[in-house]
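*Asks:* Based on what follows, work out the 3D shape:
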Amino acid sequence: MLGSLHLVERELTRAIGLLDPRQRFNVLGFAAGGARPFFEGSLPATFDNKRRAFEAIRTMDPGGRTEPLDAFRRALQERPDVLCVVSDGGFGAQAAAVLDLVRRENADGRITIHAILVQRDPHGPGGPILQSLARAGGGHYRQVSDAATEVQASSSE
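*Replies:* Next up is the predicted model:
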């Protein structure tokens, strides 16, 4: 993820910037040490709260191994309307457990899940788990890289 951090920053900033002030948001990091929320709870998407998020995004530390299971568990417990996952897809041994958790906890399809794959190599690994998450959540999958802003986009519809 280290080499793709600028892509993560760009995509998170873009997604948060598009939120309507009536919507609420939070960001959960999922590197070593488990889920780390940016804020204590979800915040209204006001100008000031978006600015706080943009500042936090600029100071992210992607160090350590990816540990997504705890982050997904926490995010799904909040029962958001939409969950946007921005990752290089490197879930390793936790990939199957994350997908099983999403399918079980979102069996009613109430949470729409969008997935954005960020990686420097547009042909690298990582896409299959994020595509599966988007399908399981009835959302969209998009891949971004340095080579092109949008390499591939698909809908689960």
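*Asks:* quick one, what contacts Gly139?
*Replies:* Val82, Thr112, Ile113, His114, Ala115, Ser156 (C-beta atoms under 8 Å, 6 or more residues apart in numbering). (Glycine included, C-beta is placed from N, CA and C.)
*Asks:* Surely it forms part of a strand?
*Replies:* Yes: under DSSP: H, G, I helix; E, B strand; the rest coil, Gly139 falls within a strand.
*Asks:* so which strand or helix has the residue most central in space within the chain?
*Replies:* Nearest to the mean C-alpha position of the chain, by C-alpha atoms, centre = their mean, lies Val85 at 1.7 Å. If you go by DSSP states H and E, Val85 is part of strand 82-87.
*Asks:* Now do the buried residues in that strand.
*Replies:* For strand 82-87, burial by neighbour count (16 or more other C-beta atoms under 10 Å) applies to Leu83, Cys84, Val85, Val86, Ser87.
*Asks:* what residues are up against the nearest residue to Val27 once chain neighbours are set aside?
*Replies:* Spatial nearest neighbour of Val27, excluding adjacent residues (C-beta to C-beta, 6 or more residues apart in numbering): Phe38 at 4.3 Å. The neighbourhood of Phe38, defined by C-beta under 8 Å, 6+ apart, consists of Asn26, Val27, Leu28, Gly29, Ala53, Ala56.
*Asks:* so of those residues, which ones are in strands?
*Replies:* Among the contacts of Phe38, DSSP state E puts Leu28, Gly29 in strands.
*Asks:* mind checking which helix or strand the residue of the chain most remote from its centre is in?
*Replies:* In the chain, the greatest distance from the average C-alpha position (C-alpha atoms, centre = their mean) is reached by Asp48, at 21.7 Å. Using DSSP H and E, Asp48 maps to helix 47-58.
*Asks:* Please list the residues outside that helix that contact it.
*Replies:* Residues from elsewhere that reach helix 47-58 (C-beta under 8 Å, 6+ apart): Glu9, Leu12, Thr13, Ile16, Gly17, Leu19, Pro21, Phe25, Val27, Phe38, Phe39, Leu43.
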